[in-house]
Each structure stands twice: as C-alpha cells, then as structure tokens.
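> I'd like to go over a predicted model; first the sequence, then the structure.
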Amino acid sequence: QVQLVESGGGLVQAGGSLRLSCAASGRTFSSRTMGWFRQAPGKEREFVAAISWSGRVTDSADSVKGRFTISRDNAKNAVYLQMSSLNPEDTAVYYCAAANSGGSNYVSRDIKQYNYWGQGTQVTVSS
C-alpha cells in the first residue's frame, strides 16, 4: 500500500516556475515507478512525466519536454516535478501516481499502470 500527498501548487504568472512535491508513505516506494499526471477542466487526465525507481530513466510528454523535470529522492520517499516557463495551457490539477513494481529502468505513460494516486494539487498559470 502506498499513500501519496502532493504539495507545491499555486498561482503563478506565465513564464514563472513552480516545484511540486509528492510525499509517499509505504516501504515499497523505492521500488516503484512514479509518475505525474494532470487534468484540466473538461479534459481527460494526461501523462506529464515518469521516473523509474532507480532514478536513472525518465520520460516526459512532448508538451513539457525541456520545461519540466521529474526527480526523486528514495531516502526521503519523495518525488518532485520542477516546472519552468509555465504557460496558461499548463493550468490543471497535478496528480502524483505510483505504478506497480517494475524493472529498475521501467517507466510508463500508460495511466492504467498506476495503481496509487494522490489527491492532486492545483496549478494555475495566469497570462
């Protein structure tokens, strides 16, 4: 069982930065692929970024590549999403998610691979 709590969301102007954090409980965190997803009003939840449990492999959506960086600290049971050059299209509720255990370099964009979800944190980017 994994419990996830996101923090760090807020209101920011276009071009600004935010760092989201996700605190995880449970002894299996360090062996799980972690991901960030987002959901804008009226839209489906979409993949943002993922990181393998080893931290060696990451993946990010084309829409955020070069602007967002995912990282993790297994000693602190935490995963982060550093967001920069934000624009109004990034406005959404951002969710942290944990996948079933996989290989040390396993990452996935498939929402169905993620079994545990946080409650989400709102990110609003004003123009």
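Alright, I've got the coordinates. From a predicted model like this one, the values you see are computed outputs, not experimental measurements. Numbers count the residues shown, from 1 in each chain.
> so who does the spatially most central residue of the chain touch?
For the chain, Trp36 is the residue whose C-alpha lies nearest the centre (C-alpha atoms, centre = their mean; 2.1 Å). Residues in contact with Trp36, defined by C-beta atoms under 8 Å, 6 or more residues apart in numbering, are 20, 22, 48-50, 68, 70, 79, 81, 94-97. Backbone N, C-alpha and C define where each C-beta goes, glycine included.
> One more pass at 6 Å, please.
Residues in contact with Trp36, defined by C-beta atoms under 6 Å, 6 or more residues apart in numbering, are 48-49, 81.
> quick one: it and Arg27, what's the gap?
22 Å (C-beta to C-beta, to the nearest Å).
> any chance of the contacts of Trp36 in a markdown table, plus neighbour count, pLDDT and secondary structure?
Conversion of these to a markdown table gives the following (neighbours: other C-beta atoms under 10 Å; pLDDT from 0 to 100; DSSP: H, G, I helix; E, B strand; the rest coil):
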| residue | neighbour count | pLDDT | secondary structure |
| --- | --- | --- | --- |
| Val48 | 25 | 98 | strand |
| Ala49 | 25 | 98 | strand |
| Leu81 | 28 | 98 | strand |
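> any idea which of those is the one closest to Asp90?
Distance from Asp90 was checked for each of the contacts of Trp36 by C-beta to C-beta. The minimum falls on Val48, at 9.3 Å.
> re the thing from before, so which strand or helix has the residue nearest to the centre of the chain?
Trp36 belongs to strand 32-39 when assigned by DSSP states H and E.
> Buried residues, that strand. List them.
32-38 (16 or more other C-beta atoms under 10 Å).
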